[in-house]
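**Student:** sequence plus predicted model, see below.
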Amino acid sequence: MSSSEAMASGCPVAGSLANASFADPQVRAQPNAFYETLRREAPVHYDEKLKMWLVSRYEDIVTLLRDPLTYSDKHGYEAMYASGHFEEFKQILERDGGGFFPDAIKDDPPAHTRVRRLLDKAFTAHRVASIEPRITAVIVDQVEKLAEKAKNGTVVDGIKDFSVPVTIRIICEQMGIQQFNADKIQRWSGAITAQISKMQDREQMIGNAALICELQNFIISEMKAREAEPREDMISDIVHATLDDGSKLTFAEAVSLVRALIIAGNDTTATALGNLLFLLATRPEVGVALEASVDDDRALNRFVEELLRLEPPVRGLAKMTTCETELGGVKLPKHAHMLVLYASGNDDADKFACPRNFDINRSNLMQHVAFGVGVHRCIGAALSRMEIKVAAREIHRRLADIRLAVPVEQITYLPTVATRSIEHLPLQLKAR
């Protein structure tokens, strides 16, 4: 059996890592055997095709994430951007998109700290809890649309018909975007994600840059409207924010934060909801666990955490060393470009016993790294958890017998190292 065949079948990778790469679409589609081989043979491994160091072991991932000065988020992220076509990409945005706006939320401390504190206030547990009724209303409406289609025996797309429209509606309501085109926002999201995909060629970069220009021009228009007439929404909060040090956000910072909230607020949570539906359709024990948990709030919270551990929506994000250092017994040079494999950390048997089992009773369940660790931990984690929890509950209450409408081998994923996002999820289901 070849390495690629072994990975596709779910068997451990045969032989050396020399012939395997995370750049291989077959590896990215079925990555767990690759992760296992990395952790066993080379927990900090240089991927020649990807030109990045892969960090796969839970212990090393947490060590790295807790040291933002040695492992720079800003430089790792920027080195991913535009897949080797950065200068041309930047020129397109400056010419047609109102400017090139670096991602303020991806900055390193101490610059990161001033904007992080602002966003922390927007996503407090109390504020997220206060919008649960509205989140529930949006999700119920979308689930009932699925149920209506199911009555006619129609095959539904779990991504197009549920996860994407749900998350876009919720984040647009929070941002105060009253008129929006969900298909366009999905295309904008894909264009942003492509910049850190490591899979984009020049022609694709140019097309994605044009979409990002559309997004930024839309954002700038919305911001100008809030400057003239503030509203009770998150765009207004950002435009008129006063930071802890008394300063205001720069125009570039404000655009980048609105952009980040629109995209991150829907893209990764949509991936998580797609994963939820996929597991319900392919692993009966997940449905059994949901049925046992759905009327117990604490158990349902644990169901969500195990879903995030088993199938994290973000599988890998970039960092870069700011000096020579050592990680996992490997000496790394200054400016080593690294891909931190969150999904592999969550799959590490040295941390989580029988990691491929779905078990909401794990004693260390909350130690998963699906949202990261440390100063760059996901800002919207509370909102994402709430959306997944409500979706799981309402799907169970309204739908039954969820099954794939195609062989599992036909499920494809977006070409990116950053997320494991299902492209289309054809499902057959029944209304309860």
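**Tutor:** Received it, and whenever you're ready, just let me know what you need. Residues are numbered from 1 along each chain as shown.
**Student:** what is the least confident helix or strand in this protein?
**Tutor:** Ranked by mean pLDDT, DSSP states H and E, the weakest helix or strand in the chain is helix 3-9, scoring a mean of 39.
**Student:** which positions in whatever helix or strand comes next after that one come out as buried?
**Tutor:** On the C-terminal side of helix 3-9, the nearest following helix or strand under DSSP states H and E is helix 25-29. Judged by neighbour count using 16 or more other CB atoms under 10 Å, the buried positions of helix 25-29 are 27, 28. All C-beta spots, glycine's among them, are computed from the backbone N, C-alpha and C.
**Student:** begin at 184, not 1, for the rest of this chat.
**Tutor:** With the count now opening at 184, the last piece we talked about shows up as helix 208-212.
**Student:** ok now helix 208-212, how far from the chain's centre?
**Tutor:** Counting by CA atoms, centre = their mean, to the nearest Å, helix 208-212 is centred 17 Å from the centre of its parent chain.
**Student:** now swap in stretch 333-341 and tell me
**Tutor:** 27 Å.
**Student:** which parts of the stretch 234-383 of the chain are strands?
**Tutor:** 235-238, 254-255, 339-340 (DSSP state E, counting those that start in this stretch).
**Student:** go through those and name the closest to residue 309.
**Tutor:** strand 254-255 (32.1 Å; CB to CB).
**Student:** in its sheet, what does the closest one sit against?
**Tutor:** Using DSSP bridges, strand 254-255 pairs in its sheet with strand 500-504 (antiparallel).
**Student:** quick check: mean pLDDT across the strand it pairs with?
**Tutor:** The pLDDT scores in strand 500-504 average 97.
**Student:** check what pLDDT residue 221 gets.
**Tutor:** 96.
**Student:** in space, what's closest to it - neighbours in sequence excluded?
**Tutor:** In space, and not counting its chain neighbours, residue 221 is closest to residue 239: 3.9 Å by CB to CB, 6 or more residues apart in numbering.
**Student:** report how many residues lie close to the one you found.
**Tutor:** Residue 239 has 29 neighbours, counted by other CB atoms under 10 Å.
**Student:** what's the neighbour count on residue 555?
**Tutor:** 20.
**Student:** from residue 495, how far out is it?
**Tutor:** 10 Å (CB to CB, to the nearest Å).
**Student:** common neighbours of these two, please.
**Tutor:** residue 525 (CB atoms under 8 Å, 6 or more residues apart in numbering).
**Student:** my guess is residue 332 meets residue 341, correct?
**Tutor:** No - checked against CB atoms under 8 Å, the pair residue 332 and residue 341 is beyond contact range at 11.6 Å.
**Student:** so which of these two has more stuff around it?
**Tutor:** More crowded of residue 332 and residue 341, by other CB under 10 Å: residue 341, with 27 against 17.
**Student:** which parts of the helix or strand where residue 445 lies are buried?
**Tutor:** Using DSSP H and E, residue 445 falls within helix 434-465. Neighbour counts over helix 434-465 (16+ other CB under 10 Å) mark 436-464 as buried.
**Student:** now swap in stretch 305-316 and tell me
**Tutor:** Quick answer for stretch 305-316 (16+ other CB under 10 Å): 305, 306, 311.
**Student:** ok, the spatially closest residue to the first one that is not a sequence neighbour - how many residues close by?
**Tutor:** Using CB to CB, 6+ apart and skipping the chain neighbours, the partner closest in space to residue 305 is residue 417 (5.9 Å). Here the neighbour count serves as a burial measure; for residue 417 (other CB under 10 Å) it reads 23.
**Student:** nearest residue to the middle of this structure?
**Tutor:** residue 451 (3.2 Å; CA atoms, centre = their mean).
**Student:** surely that one and residue 494 touch.
**Tutor:** No - the pair residue 451 / residue 494 is not scored as a contact, 11.9 Å apart, by CB under 8 Å.
**Student:** joint contacts of these two?
**Tutor:** What both residue 451 and residue 494 touch, as defined by CB under 8 Å, 6+ apart, is an empty set.
**Student:** just to revisit the earlier point, include mean pLDDT and distance to residue 490 when you put the strands of the stretch 234-383 of the chain into JSON lines, please.
**Tutor:** Shown next, in JSON lines, are those (pLDDT from 0 to 100; distance: least, CB to CB, whole Å):
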{"stretch": "strand 235-238", "mean pLDDT": "98", "distance to residue 490": "23"}
{"stretch": "strand 254-255", "mean pLDDT": "98", "distance to residue 490": "28"}
{"stretch": "strand 339-340", "mean pLDDT": "96", "distance to residue 490": "20"}
